Structure formats: structure tokens, C-alpha cells
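fold the following.
(one chain, ligands or ions: 1)
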Amino acid sequence: MANPATFDIAVVGGGLVGAAIGYGLARGGVQVALLDEGDIAYRASRGNFGLVWVQGKGLGLAPYSNWTQLSARRWPELAALLRADADTDVALEQPGGFHLCLSERELEVRVQTLTRLFAQPGLEAYPFEVLDHAALADRIPGIGSAVVGGTYTRLDGHVNALKLLRALHAGFGKHGGTYLPNTRTERLQSSGGRFVLEAHGTTLRASKIVLAAGLGNLHLAPQVGLAAPVRPQRGQILVLERVRRFLHHPLATLRQTDEGTVLIGDSQEEAGYDDTVGLAVLATLADRALRTFPALRDVRINRTWAALRVMSPDGFPVYEQSRAQPGAFLATCHSGVTLAAAHALELAPLIAAGDLGPRLQPFSAERLHVQKAT
Ligand SMILES: Cc1cc2nc3c(=O)[nH]c(=O)nc-3n(C[C@H](O)[C@H](O)[C@H](O)COP(=O)(O)OP(=O)(O)OC[C@H]3O[C@@H](n4cnc5c(N)ncnc54)[C@H](O)[C@@H]3O)c2cc1C
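Okay, here's the model as predicted:
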């Protein structure tokens, strides 16, 4: 019998990024351990907005748009696999999504942004529509007169992100993965061609390691010759009580969940590691939501929360294999829901093969050093 503390691959971090990679690896027949710190850690995966979103992403790095599009296209396959492996419907819907604007100026900036996005060389363009109030009112009944216009792309969608996290873990277990909760990895080193992980009083060995510890990567990565210059960015979300289905498309900042609740979000705040909610930001979110859908005035707020995004300096993902210690990989991004399909079905096989290949080369952290130097 194999030594239980020796694995082909150890994935550090059991949030959406680590769980998607772990699931993809385990499905491929790799012997994987998934180590997670536990409830005291900052966990974006339990506080996010649940969009599978393509529209507008990739301004400044065209390959990010292409990677996001690939993930959105492969999402139905991931959802079907999770239904089979985890007996869970993650409530994926991809009916296309709207970005609504509450002033002419907002609409102008929005259209300029998308135009600049699509002008980038190497970007796989996708159609988008610019709609005025009347055209929007036909497609989204109930919008308020404050909505002057918006943009639509048919690639966008949403999912139940908590069911997704649970299903990835269940699928991982179904394929023989070993989950180690409450196991904070403290030290990493390589010895005799293997990585040795010291975690919560135990020692594990693995031929490869994947650092997918969200904000925890900041301190883990340098131990294996990698850099993960991530910072927290706070987002606040309001949850309204369940109401009859009135919204059939996700909006960038408001969506109705499969369970009938309405999520309103999500702010982008530089607040360090402070993950508490604040009335001023929540009031702004609520005000915009009411101007978008005046009928929500009569719907009660059930909950609010704040969570911390895992942000790189330029906002794009970092995927990298250590040059100094080959076999050590880093994976971090700020759209782990959207990219779950790419992580499970594209990234995991590349990690198993030991080479991230040309598609992921633009996501190396080297680009960040270049930026710092100029
Ligand atoms: C408000 C908000 C809204 C968002 N909305 C969306 C959205 O609509 N769509 C979308 O695609 N994305 C969205 N995101 C982003 C998405 O939630 C994140 O990209 C994703 O959750 C990141 O997952 P992660 O696994 O990298 O990090 P985390 O969820 O933070 O998980 C990291 C895990 O690593 C573990 N860990 C840390 N250190 C260690 C250690 N030393 N040893 C072992 N384990 C460790 C922690 O316990 C934790 O479970 C949103 C995020 C926020 C905060």
C-alpha cells in the first residue's frame, strides 16, 4: 500500500481555484492531496457574486479575454460533469448578461471601454450590443427610467457559487482525492526530487505542488522560487429576500439566484484585510439597485456581507511554474467562478503533464516585474 503521506500532487488551498484544479487532476487519475487552512482564512470562494462573466474582461491583456471565453464555453461541460460526479446541479445559466448604465456619461465610457477591448491584437472578438432604454425595457421588464442604456453579450451567465464549491469538493473525493481540512501549510521545500510540505504538525511529500491558497500565496510562493504579489480588495454584497422570478438575465451588479433571492453587489474597495461591511457603500449599492428596479423598494434586505478578492497588481491571473524548483506551480486569479471550467478542464491537465504551454505563457508573473521596472 502506498505511503498515505506521499502524493503525485499536493494542492495547497481548498477554495474555488484549488478545488477546481484538484478536481481536474483527480478526474485525470492523479493521486492528489488538497490541503486547506480552514475557517479562519480569508475565503473569497464563500463570499462572491456568482457570475460566469466574460463581457469587458481583458482590457490590457487580450489572452485573458480569450481564456475567459474558453472557460465560459467549457462551463456547460463542467456543470454536466459535476452533476454526474457530485450529484449536484450548480444552477448554471448562460442566457447572456447586461451591464446597465445610469447616466449618458456611464454609457459613453462603457462603449469606449468595449471598443478599446476589441481593438486589441490577438483578442477573439465576440459580438456585443449597445441598447438604449427602450430596447432594454423590452428585454428586461421593470427597469426604471434612470437606466439610460447598457451593453449586452450572449456569453455571460451565472451559477450558484456555494453549490459549485461543494460540488468540486465532492467530485474531487469521488475520484479518490484526499482532502485535508484545517491543515495550514507552513513550510515548503524540495528534497530528493520531491516537495516536502509541513502542515499543521504533519509532513507530506509530493512530486509536484500547486499553490492555490488565495491571499495565502503571498507568503508561500517565495519558498519555492515563485512570486505571488497579491493583495486583498474588498467587495460588499446585499442579499434580498426571495421573490418570484422577475429577472432572466444576470446583470453585472444585480442578479436573481436559482433560489429566488436577489444579490446586489459588488463594490471594489482598497481596505486592506478589513472584511467588514459599511453602511455608506451598502447604501450606494442599494440606491443604484432601486434606480435600476424601482419595485425592489418593497423587498426586504435579508443579509449583507463583505469578502476579499485576491488581486494581482494588474488584476489578471498568474499561472506559473517555478524555474528554480520545477514542479512547483502557482495559480491565482480574481474570477475563480468564471474560470472554474478552465481550471478544471484546461489547467489541471497541463499541470499533470508538467508544462503550462504557450497559451498560459502571458500569465507568467514576469509581466509584473517588467511593469515594476518601467
Ligand atoms: C465580493 C466578491 C465578489 C466576487 N464575484 C465574483 C464573480 O461574480 N465571478 C467570479 O468569477 N469571481 C468572483 N469573485 C472572485 C472569486 O470569488 C475568487 O476568484 C475565488 O474565490 C478565488 O478563489 P481562491 O481559491 O483563489 O481563493 P480563496 O477562496 O480565498 O481560497 C483560498 C483558500 O486557501 C486556503 N489557504 C490559505 N492559506 C493557506 C495555507 N497556508 N495552507 C493551506 N490552505 C491555505 C484558505 O483556507 C482558503 O480556503 C468575487 C470575489 C469577491 C470577494
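
got the domain boundaries for this protein?
Recorded structural domains for the chain (assignment: automatic domain parsing) are 6-51+162-230+314-373, 97-154, 231-311.

the second one near the ligand at all?
Going back to what we said before, that points to domain 97-154. No: Domain 97-154 is not in contact with the ligand by CB under 6 Å from any ligand atom; minimum separation 10.5 Å. Bear in mind the C-beta positions are built from the backbone N, C-alpha and C, glycine included.

deepest of the domains of the chain, which one?
Mean neighbour count (mean count of other CB atoms under 10 Å) peaks for domain 6-51+162-230+314-373 among these, with a mean of 21.

please, which helix or strand holds residue 288?
Residue 288 is part of helix 279-292 when elements are defined by DSSP states H and E.

quick one: that helix near the ligand?
No: using CB under 6 Å from any ligand atom, helix 279-292 stays clear of the ligand, coming no nearer than 11.1 Å.

and that helix, what's its mean pLDDT?
Regarding helix 279-292, the rounded mean pLDDT is 97.

just checking, what packs against it?
Here helix 279-292 touches strand 231-240, strand 262-264, going by 3 or more CB pairs under 8 Å, 6 or more residues apart in numbering; DSSP states H and E.

how far does the last one sit from its chain's centre?
When C-alpha coordinates are averaged (CA atoms, centre = their mean, to the nearest Å), strand 262-264 and its chain have centres 18 Å apart.

close to the ligand, is that strand?
No: with CB under 6 Å from any ligand atom as the criterion, the ligand is not reached by strand 262-264; the gap is at least 9.0 Å.

mind putting the helices and strands packed on helix 279-292 into TSV with distance to residue 8 and mean pLDDT?
As requested, the helices and strands packed on helix 279-292 are exported to TSV (distance: least, CB to CB, whole Å; pLDDT from 0 to 100):
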stretch	distance to residue 8	mean pLDDT
strand 231-240	32	97
strand 262-264	38	98
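
ok, and what's touching stretch 282-300?
100, 102, 142-144, 146-147, 236-238, 240-241, 243, 246-247, 251, 253-254, 262, 264-267, 301, 304 (CB atoms under 8 Å, 6 or more residues apart in numbering).

oh, I was asking about stretch 262-277
So stretch 262-277 is in contact with 42, 47-50, 232-240, 243, 247, 253-257, 281, 284-286, 289, 296, 299, 304-309, going by CB under 8 Å, 6+ apart.

cutoff 7 Å now
Residues outside stretch 262-277 that contact it (CB atoms under 7 Å, 6 or more residues apart in numbering): 42, 49-50, 232-240, 243, 253-257, 281, 285-286, 289, 296, 299, 304-308.

for stretch 307-323, same thing?
42, 44, 47-48, 60-61, 64, 214-215, 224-226, 228-235, 273, 275, 328-334, 347, 356, 360, 363-365, 368, 371.

restrict the residues you listed to contacts with the ligand.
The residues of those that also fall near the ligand, by CB under 6 Å from any ligand atom, are 42, 44, 47, 48, 214, 235, 332, 333, 334.

and the residues you listed as TSV, adding secondary structure?
Below are these laid out as TSV (DSSP: H, G, I helix; E, B strand; the rest coil):
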residue	secondary structure
42	coil
44	helix
47	coil
48	coil
214	helix
235	strand
332	strand
333	coil
334	coil
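
of all those residues, which comes closest to residue 71?
Residue 71 lies nearest to residue 333 out of those, by CB to CB, at 10.2 Å.

what's near enough to touch the closest one?
Contacts for residue 333 were tallied using CB under 7 Å, 6+ apart; they are 17, 317, 339.

rebuild these as TSV, extending it with distance to residue 202.
Shown next, in TSV, are the contacts of residue 333 (distance: CB to CB, whole Å):
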residue	distance to residue 202
17	23
317	30
339	30
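
near the ligand, list only the ones from those.
Answer for the contacts of residue 333 near the ligand (CB under 6 Å from any ligand atom): residue 17.

out of the contacts of residue 333, list just those in helices.
Members of the contacts of residue 333 lying in helices (criterion: DSSP state H): residue 17.

what ranges do the helices span in the protein?
16-27, 62-86, 104-118, 133-139, 161-174, 217-220, 279-292, 340-342, 348-353, 366-373.

out of those, which is closest to residue 152?
helix 133-139 (7.7 Å).

same for that closest one, what does it pack against?
strand 149-153 (3 or more CB pairs under 7 Å, 6 or more residues apart in numbering; DSSP states H and E).
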